[in-house]
Structures are given as C-alpha cells and as structure tokens.
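> Sequence plus the predicted model coming up.
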Amino acid sequence: MTTQTSTSTARAAAVLAASALLLAACAAPGGGGSGQAGAAASFEGRGPITYVAGKDTSGTVQPTIDRWNRLHPKEKVTFIQLPTDPDAQRQQMIQNAETKSDAYTVLSLDVVWTSEFAAHRWIDRLPEERFPLGEMLDPVVETARYRGGLYAVPASSDGGMLYYRTDLLKKAGIGEPPTTWAEMKADCAKVRELPEARGMSCYAGQAQKYEGLTVNFAEAVNSAGGTVTDANGKPDVDTPEARKGLDFLVGSVKDGTIPKEGITYLEEDGRQAFQAGKLVFLRNWPYVYALAAKSGIKGKYAVAPLPGLNGPGASSLGGHNMALSSSAENKATALDFIRFFTSEENTATFLKEASLAPPYAALYDDKALTGQYPYLPVLKESILRAVPRPRVVRYGDVTAAVQQQAYAALTGDKSSAQALKDLQAALRKSVAR
Amino acid sequence: MTKTEVPPEATDGPASAPVTRRRLTGNPARAAAGSGRMAALLVSPTLLVLSVVVAYPTLMALKESLYGPKGLDPATGFISDTEPFVGLRNYADILGEAGDRFWNAFWNTTFFTVVTVGLETVIGVAMALIMHKAFRGRGLVRAGILIPWAVPTAISGLLWRWIFNSDGIANTLIGHQVLWTTEGFHAKVAVIVAEVWKTAPFIGLLVLAGLQVIPKEVYEAARLDGARAPRQFWHITLPLVKPALLVAVLFRCMDALRMFDLPYILVGAQKHSVETLSMLAQNEASNVRFGPASAYAVLLFLYVFLIALAFVRLLGADLVGGGAVGRRPRRRREVAA
C-alpha cells in the first residue's frame, strides 16, 4: 500500500515537473528594473561595435559595413542579423535592453518602435546637430522623434501608392488617375463596363486583421482630415472626419468596391490579385513596382499618390531608423557609424541596389535614379504628404485596438460610429497606463 | 523552443520510480538503505538539472506574476525603472473587466483540446490499425501517415494558410468561398483540421507500438472461439493497447492545452476566435507586461497540471500494473525502429 501511495506521489511530482517545464517555456523573461537613469548621454569611447538589424535579404548591408571597416580598422562594426519577422527582432532587442547587455550597439528600428524604445530609455537621445536632418523629408524625420527629442536617425522610408491599370483607364476614356475616393469609384464604374474588365474588382488595400490594417485605417482617417492620435500621442479618433475615413473602407467592402476576399488580403495577396488582373486599383508599397513588371500586366500599370476624401490622401510611413542602445559601449564610434550609414551616399546605394526609399529629398529628383525607378517622384509626393502611424509608447496595444475596432466595422459587426467610439475609449486606456 | 521534448523526459519519472521502489520493498533493510543512497546519488544530477531548468524559472514566473506593468511618468515621458508590486491583482483582474479576453482564450483552449484530441484519438487508432496490417506497400503507407508529424508546426501552419486562402484549394473543393482566416467559427474549424492532420499520426505511432507487442496467439484463440473482427477489436486490441493509448492521449492533451504556433500562423495573432491562453500570455509579454503574462502562464500551468493529474488519477490504475513496466521497452523499440 505504501508503494502505491509513493508511486502516485512520484507520478504527481513528475506531472508537476512536466507542466512546470511548459510554464517555463511559456513564461516571459522577467525583468526587474530597466533603463538607464541619466538621459544625457556622453557618447564616449571608441572601439569595436555591432550593428543589429533584421536579416539582410538584399545583400547590401555587409558590403557597406566592409567599407566602414576598411576606413576604421580599430573601430570595426560586426553585423548581427536577426530574424526576418519584425516582432522577433523587437523581442530580441528588448531582451538585450532589459538585461542591459552591451552586445547590441546600433539598432535598426522599425519606425513605429521609436516612442516605445525612447520611453523605456532603451535608446539614447541623439545630438541633432550631428546629422543632416534638414536635407531629409520632414515626415520621415518626425518618425525618429519622441516628445520633441531625436532618438534615432532615418535610414530608409516607405510610403503607400495607388497602383492603377493604365490600359483599362485609357480604354474607358479616363486621362488622369483619380485623386479622390469618389473619382476612383466613378472611374471603376466606367472601367467595369468594358468587356475586358468583366469580373474585375475595383480596389484593394490590406484589410486582414494585422499591422497592414492599422496602416490602411490610419491612411483612410488621415486622408479624410481626421487623426488617430495627435503629435503627442493623444488619441482623438472619435470625430466626424475620422468617421468619413472609416466609412470609405466600410462602404467599399459593402458595395463591392473592395472584393469580399479583400478582408483577408495582406500585401502579397493584393499584389497577386492585381497582377492576375483582378483589380483596377491597388494600394501597396513601392516594392510591387518591380515585381509587377515581371508579370502579365507588364507595361499596363502606373502609380499615383493615394486618393483621399477631397483631394490627394495621406499615406502612412514605413522604413527603418537607426538608434543607439543605451546600454552599449563605444558610443562615439556608434554615432560616427550611424552618420556614415545614413549618409546621402550610402542611402543612394541602398536605393540603387535594394530599392529602399531614402530619407533624403534630393535623391528623389536624381535623373539616374528616376530612370531606374520611375515611381520615385510619386513616392516623394506620397511621403511628403504622409502622416506617421500613431507615435505612442504602447504601440503594440494601440495597433491591436485599431485592428480590433476597424476589423469589427469592416465585417459589419459594429457601425463605424460605434467602432470609433470604442476605439477612442480603448486608445485612452492604453495611452494612460 | 524545447517544448516538444518535455513530455517524454518527464514521464521517465513515474515509469522508472515505481520499478526501483518495488524492488526495494523486497530486499533486507540494510541493502535497501545502501542502494537507496546509491539511487539518490545517481538521480541527483538529473534533479540538479531539473531544479535549474524547471524549479527556478517556475518560481521566478510565480514571483513575476505578483508585479504589475511599469508605469509611464506623464511629466518626463519616461517609463519608470521598477515594476510595482501588485500582489494578486493580476489574478483578480481575470474576474473583472479584463477577464473577457482571458475567459475567451480559456474556452478556446479547452474547446481545441477536447475536439482535436478526440478526433486525433479516433483517427490515430485507425491509422495504427492500418499501419499494423501486413500488406504490400506497407512501408510506403507508414511513411505517408507519419510525414505530417515530421513537418514542423510553423511550416504546416504556413501550408494550411495557403490551403485555406480565399482562392485556395479548400474553397475549390467545397465549391464556395469561405474566408477561413477571418474571425468566426470557420477559423476554429481551420485550426482543428490542420491540428488533427498534423498530430493524429503521433497517436497512431504510439498505438502502433502498443499493437506490435500483442501476441498473435491471443487473436488465434479468439478466432477459434468464433470472435469476429469487431469483437476482437473491442475485447482484445483495445484493452491491450489501452496503456499506450492513454499515454499518447495524455501527451496530446498537454500539448494541445498550450497550443500556440498553429493558430498564430494559420489564422493570425489578435484573432479572438482562435486566441489560446499561450497566445494571450505571449501577447502580454510582447507588450512588455511581464506580470500579467506570467499570471496567465501560471494559470495555464495550473490548468495543465490539474488536467494531467486528473488523467493520471482517474485512469492511473491501468498504468500502475503490468502496463507501466511493459510500456517503456515497447516505446523505446518503436522510437528506434
């Protein structure tokens, strides 16, 4: 009998141990205190540093670092590649910061992470006079600021554009691409009367419940004159303007302007539908331009700035900024390297070889570059009119709330008025805590 | 993550402990004391490793769950350096307003576990019976059945996302368009289909191991007595394969309760219709709220623990007898095969 009890106790203990391992796997790395006390960094020390970014699929980062290393043999930079998935990159950078490790020096941050990293003091405030910010496009520089201070330096940007079928518009007798939503819908109606446009849908963006929906929602709201959050991160989305923006998306899904399956589209799904001739208009990033040239619609499309309610719309911004980890060493070298990496010359190389949109205004008008990338003038216009996505500390919560409410409105679970009201309440809560 | 390696290692405990203990009771007291010390010595490295990788993180998670998220100082715009101690508030919140999301995740987790493990058991046993039959091309069938189990979950998530795409093959087959990856019950169905496809072979594999040690003579005797196939299955196959089947189902339950990657990749994060407790904990942690994340993880841990304990207690009688001793070598052989 005693064996019986002891075996069952042992078994219970083993089960406990097994489940505990599961817990260990699920539990997050607990952090005690974090962040450096002093905000004023001194940027001292020279020596080897690291540059941390997502996986470089274009193969242009290492050659640039090699060039730096040849010029600075005593201050070599090692390239640490993180996974392609942005969430995984952010996770690893946060872990590095929470443990106050000096393994990461210069971080390549997605534009929407700036506020969070700055507020946690995971990155240092940078001296503005050291960087040629005046030559960069203003909205791009804005993405690198938190509460007025500069916490990162733009390395690349990205803006949304309206792709459209030139052949179909021409055949329908339309000379210019639409600048407003109403024009776009009217153009669609004309195009869809053509025999070759049978079965085509009008428009698609990214409406699946993920970051792309936040981008598209913010664009719709900003293009109608509304805001999601103001420059200080205060939510102000329960307004008539914002409602007109959301109503454009909701109405488009309802009346079939956006196809039914449009609410499952990520960037790639939309691109494929456009390339397969299923869409007249598509909202997407510049990367589509080169890929579509290799598809069946080669030579039959062009780009225009995004349309809005009463005129051209406002894009959201993508891209990456370079920041300096507050727990790093050799910060003097790091500052020099950030300057080098974000210089006009190097960003031009990234544009030429990896088609990354540069932060510098002058490059968009460069003859040689516009020859290679005919969309550059349109992209410049898009970025100049762009409004960055909400710049808030708890970006993860804010984008989740936006996705939740915008998606509920798109699928008809809520009226757009109710969705915006709930969104305002949710945003207030996540900004306050 | 090392999740998949967890259950086999953990069951070494219950399986080997009874064997040594039973032998001890039969021996004289002095020898027992000596070999007891020897046993303790031999087990100590394992216990040390377990305490480092299991006990320490568990205690840390318990402690962490008593702290709240760091606050934002509105004047400076900086997040405070320390996490406030909130006691049991993270747990109490589950009963309040924020609890909706927790309970939704809790029911999703439970629903997925019950439905997937149920389906997997039926399909897995059928697979094992097929794999056990001697016929031409058996090797091919066995390999075919086992392939889904060999595919990493993340990859199978991508694969099924493709299948469940709006113009994917699933919609072509059923002949009308279902938007599988949008919110709704269909998203749950998509996850269940993918999960069952992937893990039914696991149950099949363990049950096959169980089938292989049933002596042929038993079936011969049954046939002589005039028992037909269904009767043989219910009265010979199933009772004899039960120990192996129970272990397989227990593993699957523990696995399914902490389901994360499949719904995350197939349907997406933030989708309330498929959000599981693991996804909820991950979401909190990724938003740098380690306190609530740990609290959710602790609750999931307790849930898994209770289910596992109930399993062992309610069905344990079968595991203690000859089954427990016979089970180990059988499984070893299968893994080696």
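Thanks, I have the structure now. Numbering: from 1, shown residues only, chains lettered A, B, ... in the order given.

> Next up, the contacts around residue B:157.
For residue B:157, the set of contacting residues under the criterion of CB atoms under 8 Å, 6 or more residues apart in numbering or on different chains consists of B:194, B:261-262, B:264-266. Backbone N, C-alpha and C define where each C-beta goes, glycine included.

> Can you go through these and name the buried ones?
Buried by 16 or more other CB atoms under 10 Å in any protein chain shown: B:194, B:261-262, B:264-266, out of those.

> Mark which of those residues are part of helices, please.
For the buried ones among the contacts of residue B:157, the ones inside helices are B:194, B:261-262, B:264-266, with DSSP state H as the criterion.

> Which two among the residues you listed are spaced furthest apart?
Comparing all pairs in those by CB to CB, the longest separation belongs to B:194 and B:264, at 11.9 Å.

> The longest helix along chain B near chain A at all?
Of all the segments assigned as helix in chain B under DSSP H, the longest by residue count is helix B:99-132. No - for helix B:99-132, no contact with chain A is found by CB under 8 Å from any CB of the partner chain; the gap never falls below 10.4 Å.

> That helix: how far from the chain's middle?
10 Å (CA atoms, centre = their mean, to the nearest Å).

> Give the buried residues for that helix.
The neighbour-count check on helix B:99-132 (16+ other CB under 10 Å) flags B:101-102, B:105-106, B:108-110, B:112-113, B:115-117, B:119-121, B:123-125, B:127-129, B:131-132 as buried.

> Which parts of the stretch 1-150 of chain A are helices?
Across the stretch 1-150 of chain A, reading from the start of the chain, the helices by DSSP state H, counting those that start in this stretch fall at A:2-26, A:61-71, A:86-98, A:114-119, A:138-142.

> pLDDT of the second one, averaged?
If you average the pLDDT over helix A:61-71, you get 96.

> contact partners of it?
A:51, A:53, A:56, A:76-77, A:79, A:337, A:340-341, A:346, A:349-350.

> run the last query once more with 7 Å
With CB atoms under 7 Å, 6 or more residues apart in numbering or on different chains as the contact definition, helix A:61-71 has outside contacts at A:51, A:53, A:56, A:76-77, A:79, A:337, A:340-341, A:346, A:349.

> One more: the last one?
Under the criterion CB under 7 Å, 6+ apart, residues A:133, A:154, A:157, A:317, A:319, A:359, A:383-384, A:386, A:388 lie in contact with helix A:138-142.

> now with 6 Å?
Applying CB atoms under 6 Å, 6 or more residues apart in numbering or on different chains, the external contacts of helix A:138-142 come out as A:133, A:154, A:157, A:359, A:386, A:388.

> quick one: contacts for the first one?
Spelled out, it's residue A:133. Shown in contact with residue A:133 (CB under 6 Å, 6+ apart): residue A:141.

> distance of it from residue A:106?
Relative to residue A:106, residue A:133 is positioned 18 Å away (criterion: CB to CB, to the nearest Å).

> cool, residue A:374 as well?
The span separating residue A:374 from residue A:106 equals 33 Å under the rule CB to CB.

> With neighbour numbers in mind, choose between these two.
Between residue A:374 and residue A:106, counting by other CB atoms under 10 Å in any protein chain shown, residue A:106 is the more crowded of the two (26 against 11).

> wait, doesn't that one sit right on residue A:334?
Yes - in this structure, residue A:106 sits in contact with residue A:334. The criterion is CB atoms under 6 Å, and the distance is 5.3 Å.

> Ramachandran angles for the closest residue to residue A:45 other than its chain neighbours?
Among residues not flanking residue A:45 along the chain, residue A:330 sits closest, at 4.4 Å (CB to CB, 6 or more residues apart in numbering or on different chains). With angles defined as degrees, to the nearest 10, residue A:330 shows backbone torsions of phi 60, psi 50.

> doesn't residue A:50 make contact with residue A:330?
No - Residue A:330 is not in contact with residue A:50 according to CB under 6 Å; the separation is 9.7 Å.

> How many residues are close by residue A:241?
A count of neighbours around residue A:241, defined by other CB under 10 Å, yields 16.

> in the strand or helix carrying it, what's buried?
Assigned by DSSP states H and E, residue A:241 belongs to helix A:240-254. Within helix A:240-254, the residues that qualify as buried by neighbour count (16+ other CB under 10 Å) are A:241-250, A:252-253.

> Just the closest of those residues to chain B, please.
The shortest separation between chain B and any of these is 11.6 Å, and it belongs to residue A:253 (by CB to the nearest CB).

> okay but that closest one is in contact with residue A:411, surely?
No - taking CB under 6 Å as the definition, residue A:253 is not a contact partner of residue A:411, at 8.1 Å.

> Give the burial count for residue A:88, as a bare number.
Residues near residue A:88, counting by other CB under 10 Å, number 13.

> make that residue A:407, sorry
Counted with other CB under 10 Å, the burial measure for residue A:407 works out to 24 neighbours.

> What distance do you get for it to residue B:51?
Where residue B:51 is concerned, residue A:407 sits at a distance of 45 Å (CB to CB).

> does residue B:315 sit in a helix, a strand or a coil?
On the three-state scheme (DSSP: H, G, I helix; E, B strand; the rest coil), residue B:315 is labelled helix.

> In contact with it: list those residues for me.
Residues counted as contacts of residue B:315 (CB under 6 Å, 6+ apart) are residue B:246.

> and residue B:84, how far is that from residue B:68?
Relative to residue B:68, and taking CB to CB, residue B:84 is found at 5 Å.

> Kindly report the same for residue A:265.
Between residue A:265 and residue B:68 the distance is 38 Å, computed by CB to CB.

> Which one's more surrounded, the two?
A side-by-side neighbour count of residue A:265 and residue B:68, using other CB under 10 Å, places residue A:265 first with 26 against 19.
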